[in-house]
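Student: this is the structure alone, sequence omitted:
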């Protein structure tokens, strides 16, 4: 078999029953490679009479990713898409082809190993390549091993956006204290390493004052005094997954800013470690200290429920500093979400019906599995400590019940009533079953913000 450096992706439809070609396709699955062409079944058959919103969507991104992963051993240099599918599906297929050949690069310098010819116009081609770079950045950032520090993250981000329209600002520990980001500092108390509060600003095409704030959890977490086991600590490279997704989005929007809204990305980078200065189980701390109106005294029911504390601090800062009326929080926040939905599905919470519908539509459109919920205000009651020592606790007083719901509700308690909040808990799908970053959320959240 002669293997070509340039391979076409073509359709097959209704091969004759019993034919040799039909038998090959049935043997090899959704596509078959004969050395020169990849034959793909474009007759997607939706599952009717089902409540699953994903059942009627063909996941072209995953098809492309699988093809390039499977065929990379043949050192194919170019894929030519010659399929009769719509432009949106073709874009997803091309993006999947690029992502299938991604490999971790600590230096963040992934070079193109592949060219995809989708017959796109110049603007679409630019958006495809920019989104590819954003997802590469996201996945590389997730995979940085646990010794990487907040100061390393700020250096990486400065370098990544040095030649873009994005403006980078970094607060050190003293500046964080001056600005009331006290919960972030409490979480970092047990670490000798310097925390960083990183801001990426991307101005709209028009001169406007409306701001959307995106908060990405950026932690290394051993659990503090509620210490995780060795394997749990090892896996905590994923706990900067929310920040990684935010970075992937920022990379795209630095090239294609929104028309009429500024984007502010906030990354509170801290380390929840153990020492004689660690914050304590049972300690009462100030959360949301940058606002007299929104700040609360919070009892630490568990030092390993730290991510919601840093998110809350950042959410309040986004309202105080940037008067944000739209906020998106992204975090590998709870094991409860993973236990409830498994490795492939995220949990999304929205406090507006319109936003809930938009979020679900975007995640379905981009075939990123998610369960979309309203915030359950009834969970406010289970965040009140039984002993009355503080206004709130950082954990539910019902133990492990509805952990992802109560964590989301904790964050919601730190916004004003006129703020539109979308909260993404991606603890499951941030990595695949092998522990490799997936880039989950980047595509759908770009789609959500672009409308």
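Tutor: Sure, I can see it. Here the structure is a predicted model, which means the values were calculated and not measured.

Student: mind listing what residue 389 touches?
Tutor: For residue 389, the contacting residues are 284, 299, taking C-beta atoms under 8 Å, 6 or more residues apart in numbering as the criterion. Just so you know, the C-beta spots here come from the backbone N, C-alpha and C atoms, and that holds for glycine as well.

Student: I misspoke; the intended subject was residue 395.
Tutor: Under the criterion of C-beta under 8 Å, 6+ apart, the contact list for residue 395 reads 301-302, 305, 383, 406.

Student: let's see that with 10 Å instead.
Tutor: Contacts were defined as C-beta atoms under 10 Å, 6 or more residues apart in numbering; by that measure residue 395 touches 226, 281, 299-302, 304-305, 308, 382-383, 385, 403, 406-407, 410.

Student: which stretches of this structure have low pLDDT?
Tutor: 1-4, 13-29, 44-49 (pLDDT under 70).

Student: the longest helix in it is where?
Tutor: helix 122-143 (DSSP state H).

Student: which one of the contacts of residue 395 is nearest to residue 348?
Tutor: Distances from the contacts of residue 395 to residue 348 were compared by C-beta to C-beta; the smallest belongs to residue 407, at 12.9 Å.

Student: what is the neighbour count of the closest one?
Tutor: By other C-beta atoms under 10 Å, the residues close to residue 407 number 29.

Student: any idea which element it lies in?
Tutor: When elements are defined using DSSP states H and E, residue 407 is found to belong to helix 403-412.

Student: so which elements touch that helix?
Tutor: helix 307-322, strand 326-331, helix 335-341, strand 346-350, strand 370-374, strand 392-393, strand 420-425 (3 or more C-beta pairs under 10 Å, 6 or more residues apart in numbering; DSSP states H and E).

Student: rerun that using 7 Å as the cut-off
Tutor: Using 3 or more C-beta pairs under 7 Å, 6 or more residues apart in numbering; DSSP states H and E as the contact criterion, the neighbours of helix 403-412 among helices and strands are helix 307-322, helix 335-341, strand 420-425.

Student: before we move on, the earlier item: list the helices and strands the longest helix of the chain packs on?
Tutor: Of the remaining helices and strands, those touching helix 122-143 by 3+ C-beta pairs under 7 Å, 6+ apart are helix 87-100, helix 241-253, helix 442-450.

Student: 8 Å instead?
Tutor: helix 87-100, helix 150-160, helix 241-253, helix 442-450 (3 or more C-beta pairs under 8 Å, 6 or more residues apart in numbering; DSSP states H and E).

Student: OK, contacts around the residue nearest in space to the middle of the chain?
Tutor: Within the chain, the residue whose C-alpha comes closest to the C-alpha centroid is residue 245; the distance, by C-alpha atoms, centre = their mean, is 3.6 Å. Going by C-beta under 8 Å, 6+ apart, residue 245 touches 138, 216, 330, 424, 426, 439-442, 445.

Student: which helix or which strand is home to residue 32?
Tutor: When secondary structure is defined by DSSP H and E, residue 32 falls within strand 31-33.

Student: can you list the residues that contact the helix or strand just after that strand?
Tutor: Downstream of strand 31-33, the first helix or strand assigned by DSSP H and E is strand 37-41. Around strand 37-41, the neighbours that count as contacts under C-beta under 8 Å, 6+ apart are 7-13, 25, 30-33, 63, 67, 71, 79, 83.

Student: picking up where we left off before, out of the contacts of residue 245, which is nearest to residue 261?
Tutor: When these are compared against residue 261 (criterion: C-beta to C-beta), the nearest one is residue 445, at 14.2 Å.

Student: burial count for the spatially closest residue to the closest one that is not a sequence neighbour?
Tutor: Once its chain neighbours are removed from consideration, residue 445 has its nearest residue in residue 249; the separation is 5.7 Å (C-beta to C-beta, 6 or more residues apart in numbering). Residue neighbour count, defined by other C-beta under 10 Å, stands at 30 for residue 249.

Student: got the contact list for residue 249?
Tutor: Contact analysis of residue 249 by C-beta under 8 Å, 6+ apart lists 134, 214, 265, 442, 445-446, 449.

Student: next one: residue 304
Tutor: For residue 304, the residues meeting the contact criterion (C-beta under 8 Å, 6+ apart) are 221, 223-224, 226, 228, 272.

Student: if we use 10 Å, what do you get?
Tutor: Applying C-beta under 10 Å, 6+ apart, the residues near residue 304 are 221-228, 232, 272, 281, 335, 394-395.

Student: what about it, which SS state?
Tutor: coil (DSSP: H, G, I helix; E, B strand; the rest coil).

Student: now it: phi and psi?
Tutor: Reported as degrees, to the nearest 10, the phi and psi values for residue 304 are phi -90, psi 0.

Student: from residue 272, how far off is residue 248?
Tutor: Here the distance between residue 248 and residue 272 works out to 24 Å (C-beta to C-beta, to the nearest Å).

Student: repeat that for residue 418.
Tutor: From residue 418 to residue 272 the distance is 32 Å (C-beta to C-beta).

Student: look at those two and report which has more neighbours.
Tutor: When residue 418 and residue 272 are compared on other C-beta under 10 Å, the one with more neighbours turns out to be residue 272, at 29 against 7.

Student: got the buried residues for the longest helix of the chain?
Tutor: Buried positions in helix 122-143, judged by neighbour count with 16 or more other C-beta atoms under 10 Å: 125, 127-143.

Student: for stretch 381-390, same thing?
Tutor: Residues of stretch 381-390 classed as buried by neighbour count (16+ other C-beta under 10 Å): 382-383, 385, 390.

Student: next one: stretch 218-232
Tutor: Taking 16+ other C-beta under 10 Å as the neighbour-count basis, stretch 218-232 is seen to contain the buried residues 218-226, 228.

Student: in JSON lines: these, plus secondary structure and distance to residue 176.
Tutor: As requested, these are arranged in JSON lines below (DSSP: H, G, I helix; E, B strand; the rest coil; distance: C-beta to C-beta, whole Å):
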{"residue": "218", "secondary structure": "strand", "distance to residue 176": "13"}
{"residue": "219", "secondary structure": "strand", "distance to residue 176": "15"}
{"residue": "220", "secondary structure": "strand", "distance to residue 176": "17"}
{"residue": "221", "secondary structure": "strand", "distance to residue 176": "18"}
{"residue": "222", "secondary structure": "coil", "distance to residue 176": "21"}
{"residue": "223", "secondary structure": "coil", "distance to residue 176": "22"}
{"residue": "224", "secondary structure": "coil", "distance to residue 176": "18"}
{"residue": "225", "secondary structure": "coil", "distance to residue 176": "22"}
{"residue": "226", "secondary structure": "coil", "distance to residue 176": "23"}
{"residue": "228", "secondary structure": "coil", "distance to residue 176": "25"}
